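**Student:** Have a look at this prediction, sequence included:
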Amino acid sequence: MEKAKSHIDYNDTVITIRGLRKSFGSQHVLRGVDLDLYQGENLVVLGRSGTGKSVLIKIICGLLTADQGSVKVLGKEVIGMKDKELDYIRINVGFSFQNSALYDSMTVRKNLEFPLVRNQPNLTRAEINREVEEKLDAVGLLQAINQMPAELSGGQRKRIGIARTLILQPQIMLYDEPTAGLDPITCIEINELINEVQERFKTSSIIITHDLTCAKSTGDRIVILLEGQFQRQGSFEEVFDTDDARVKPFYDYNFIQ
Ligand SMILES: Nc1ncnc2c1ncn2[C@@H]1O[C@H](COP(=O)(O)OP(=O)(O)OP(=O)(O)O)[C@@H](O)[C@H]1O
């Protein structure tokens, strides 16, 4: 069953990409990418390894520079932005890294406090505590507040990583392989969490994944990056209703009988 889409505002585009190109030496990774992300939408980006999915989201949040094209995030052109201006993007665009990127020497509480204290130095202790507890509660792990990352399972670390990304109240979430390396039941729980985050915090998200169950349950729309461009897009069913030999094996591999 398709997700309800009433939460999406198709009149409000939070990311607009036109003609985006990025090469590394003679390797032309992105070859004219066009993309719109709408307010409240979960967009899933599929594509084989090495097609440039991570490069794309790193450009969106200013971690990599592009060679050519336009990338507007929340109305501001990111290409050519100075470091100081990029701070605005980095606060408003949360990047949930594949490896959760937690600081192993800090408790869960300190991991969440760290970006908050650095970006909002005037918050009181009570405000910090409230923010940290709210985000941990949102990912269902308030009870882990005093634990060390090493004491947590992979799925719990992923949840804490998402809570830490949410702590600055980003308008846009970028998820890089959110279910990679997790068992199937934990994957379903993370998919549900991504949808809960979308509903509760009204975020717009780009979700990079190889996991078609994740794509189907979290994606309001799916795009497939092929040969440096988005060549298919639509609902899960629309995208895979094709005999295209570059797309079909992707589906068959995930749902092999
Ligand atoms: N900083 C960099 N310097 C040189 N080459 C890079 C750099 N970042 C990425 N690449 C190259 O760009 C290509 C696309 O990489 P990217 O990480 O975006 O792939 P991906 O689609 O995310 O793959 P995967 O699904 O395996 O994570 C790869 O061939 C990679 O080696």
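**Tutor:** That came through, no problem. Please read all numbers here as calculations on a predicted model, not as lab measurements.
**Student:** all contacts plus neighbour counts: C-alpha atoms, from now on.
**Tutor:** Fine.
**Student:** State whether Leu37 is indeed within a helix.
**Tutor:** No. Going by DSSP: H, G, I helix; E, B strand; the rest coil, the assignment for Leu37 is strand, not a helix.
**Student:** Can you classify Asn129 as helix, strand or coil?
**Tutor:** helix.
**Student:** got a list of what it touches?
**Tutor:** For Asn129, the contact set (CA atoms under 8 Å, 6 or more residues apart in numbering) is empty.
**Student:** Which residues belonging to stretch 223-243 are considered buried?
**Tutor:** For stretch 223-243, burial by neighbour count (16 or more other CA atoms under 10 Å) applies to 223-230, 232-233, 235-236, 239-240.
**Student:** Same question for stretch 170-183.
**Tutor:** Across stretch 170-183, burial judged by 16+ other CA under 10 Å covers 170-180.
**Student:** Make JSON lines out of the residues you listed and add secondary structure, pLDDT and distance to the ligand.
**Tutor:** Shown next, in JSON lines, are those (DSSP: H, G, I helix; E, B strand; the rest coil; pLDDT from 0 to 100; distance: CA to the nearest ligand atom, whole Å):
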{"residue": "Pro170", "secondary structure": "coil", "pLDDT": "95", "distance to the ligand": "22"}
{"residue": "Gln171", "secondary structure": "coil", "pLDDT": "96", "distance to the ligand": "22"}
{"residue": "Ile172", "secondary structure": "strand", "pLDDT": "97", "distance to the ligand": "19"}
{"residue": "Met173", "secondary structure": "strand", "pLDDT": "96", "distance to the ligand": "16"}
{"residue": "Leu174", "secondary structure": "strand", "pLDDT": "95", "distance to the ligand": "13"}
{"residue": "Tyr175", "secondary structure": "strand", "pLDDT": "95", "distance to the ligand": "11"}
{"residue": "Asp176", "secondary structure": "strand", "pLDDT": "93", "distance to the ligand": "8"}
{"residue": "Glu177", "secondary structure": "coil", "pLDDT": "92", "distance to the ligand": "8"}
{"residue": "Pro178", "secondary structure": "coil", "pLDDT": "92", "distance to the ligand": "12"}
{"residue": "Thr179", "secondary structure": "coil", "pLDDT": "92", "distance to the ligand": "13"}
{"residue": "Ala180", "secondary structure": "coil", "pLDDT": "89", "distance to the ligand": "10"}
